[in-house]
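Undergrad: Just to be clear, the model below is a prediction. Sequence and coordinates:
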Amino acid sequence: MHPVLFRIGTFEVGTYGLILALGFFAALALAKRQAKLDGIPAEAVSDLAMTVLLAGLAGSRILYIIVELVNGAPASQVFSLGMLRAAGHVHGGILGALAAFLWRSRKLGLRFGVTADALVPATALGQAIGRLGCLMAGCCYGTVCDKPWAITFTNADATRFSGTPLFAHLHPVQLYTFAANLTVMGLLLWLRPRRRFEGQVLSAYFILEGLARAVVETWRGDGDRGFWLGLSWLSTGRATALLFVAIGVVLAVILKRSSAKIQEA
């Protein structure tokens, strides 16, 4: 792990940010390639990508702030510079990105289902690469692990930024999530040429992402992600994962009916 890429005096540039940038450009390249299959202009994909990126960053921070305040953190701490540098909650970012996508795709005159189907495999790829940033930063760490593949963090910057326990054998949950995100991407790419209605890949993304995250949460050890209703198993990640599954099912029903009506007409 290497939380700080380099320092200029007291100014620090984090490795996490660099890896997020690499993830964004890799996802953009895949999105353009997938969009080309359906005749969606590359310029429109770039426009959408920037829109959902900004909305995603805002959404992840907003959910992070909500969780911190609900869990009793004082406002002075939540809105401090150190806390605002945190990455936020990825599912908040995805929900924010979806809202922005709905708005911007309509403005650009793009068909919602087709465009979303082209972009969501890239979303899963971006998430996967982003988890490597978590690994480098030491955030989103796992519970104690006695398996041969346990990981041990030793860099004091990880504790300073994320409260990561040092010299403890932990589940490499960042790598679990990385593998889960790549699996989701692979399944979506497999499904796309076989879809039966526009938006099926988008629906599948929410269901698969939700199920994968609900499972991976089993090995998450960072308590700052928050818990709900006083239940130790209902972390923010698992709560939003269940919400994602519900969103995926609802989208599948609505988009399938919409597609059937268009075909009948």
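TA: Looks like it arrived, so ask away.
Undergrad: Where does pLDDT dip in this structure?
TA: Applying pLDDT under 70 to the chain flags residues 1, 70-88, 224-225, 229, 261-265.
Undergrad: at 50 instead, please
TA: By pLDDT under 50, the chain has no low-scoring segment.
Undergrad: show me where it has strands.
TA: Taking DSSP state E, the strands of the chain run over residues 4-8, 11-14.
Undergrad: Against which helices or strands is the last one packed?
TA: The contact analysis (3 or more C-beta pairs under 8 Å, 6 or more residues apart in numbering; DSSP states H and E) places strand 11-14 against strand 4-8. In short, each C-beta sits where N, CA and C put it, glycine included.
Undergrad: so how far is the strand it packs on from its chain's centroid?
TA: Centroid separation for strand 4-8 versus its chain: 25 Å, with C-alpha atoms, centre = their mean, to the nearest Å.
Undergrad: do the same with stretch 247-263
TA: That offset, for stretch 247-263, works out to 24 Å (C-alpha atoms, centre = their mean).
Undergrad: before we move on, the earlier item: Serialize the strands of the chain to TSV and add fields for distance to residue 161 and mean neighbour count.
TA: Shown next, in TSV, are those (distance: least, C-beta to C-beta, whole Å; neighbours: other C-beta atoms under 10 Å):
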stretch	distance to residue 161	mean neighbour count
strand 4-8	9	12
strand 11-14	8	13
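Undergrad: So which of these is nearest residue 43?
TA: For residue 43, the closest of these is strand 11-14, at 30.7 Å, according to C-beta to C-beta.
Undergrad: Sheet partners, orientation included, of the closest one?
TA: Taking DSSP bridges as the criterion, strand 11-14 forms sheet pairs with strand 4-8 (antiparallel).
Undergrad: Turn the strands of the chain into TSV, columns for distance to residue 216.
TA: Listed next are those as TSV, based on distance: least, C-beta to C-beta, whole Å:
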stretch	distance to residue 216
strand 4-8	26
strand 11-14	23
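Undergrad: Identify whichever of the ones you listed lies nearest to residue 64.
TA: strand 11-14 (16.2 Å).
Undergrad: contact partners of that closest one?
TA: In this structure, residues lying in contact with strand 11-14 by C-beta atoms under 8 Å, 6 or more residues apart in numbering are 3, 4, 5, 6, 7, 85, 137, 161.
Undergrad: again with stretch 136-152
TA: Contacts with stretch 136-152, where a contact means C-beta under 8 Å, 6+ apart, come from 1-3, 14-16, 19, 86-87, 131, 134, 153, 155, 157-159, 161-162, 164-177, 219-222, 225.
Undergrad: Weed out the non-buried ones from these.
TA: Neighbour-count burial (16 or more other C-beta atoms under 10 Å) applied to the contacts of stretch 136-152 gives 1, 3, 14-16, 19, 86-87, 131, 134, 153, 155, 157-158, 161-162, 164-165, 168, 170-177, 219-222, 225.
Undergrad: Surely residue 126 is in contact with residue 21?
TA: No - counting by C-beta atoms under 8 Å, residue 126 stays clear of residue 21, with 10.5 Å between them.
Undergrad: picking up where we left off before, nearest approach to residue 118 belongs to which of the strands of the chain?
TA: Nearest to residue 118 among the strands of the chain is strand 11-14; the distance by C-beta to C-beta comes to 30.9 Å.
Undergrad: Export that closest one to CSV, keeping only CA atoms.
TA: Output of strand 11-14 as CSV, limited to C-alpha atoms (Å, rounded to 0.1, in the frame of the first residue of the first chain):
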residue,chain,number,x,y,z
PHE,A,11,0.7,19.4,0.3
GLU,A,12,0.0,15.7,-0.3
VAL,A,13,-1.2,14.0,-3.5
GLY,A,14,-3.0,10.7,-2.7
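Undergrad: Of the strands of the chain, give the one that comes closest to residue 244.
TA: Residue 244 lies closest to strand 11-14 among those, at 27.5 Å (C-beta to C-beta).
Undergrad: returning to that earlier point: okay, residue 126 and residue 21: which has more neighbours?
TA: Ranked by neighbour count (other C-beta atoms under 10 Å), residue 126 and residue 21 place residue 126 first, with 26 against 12.
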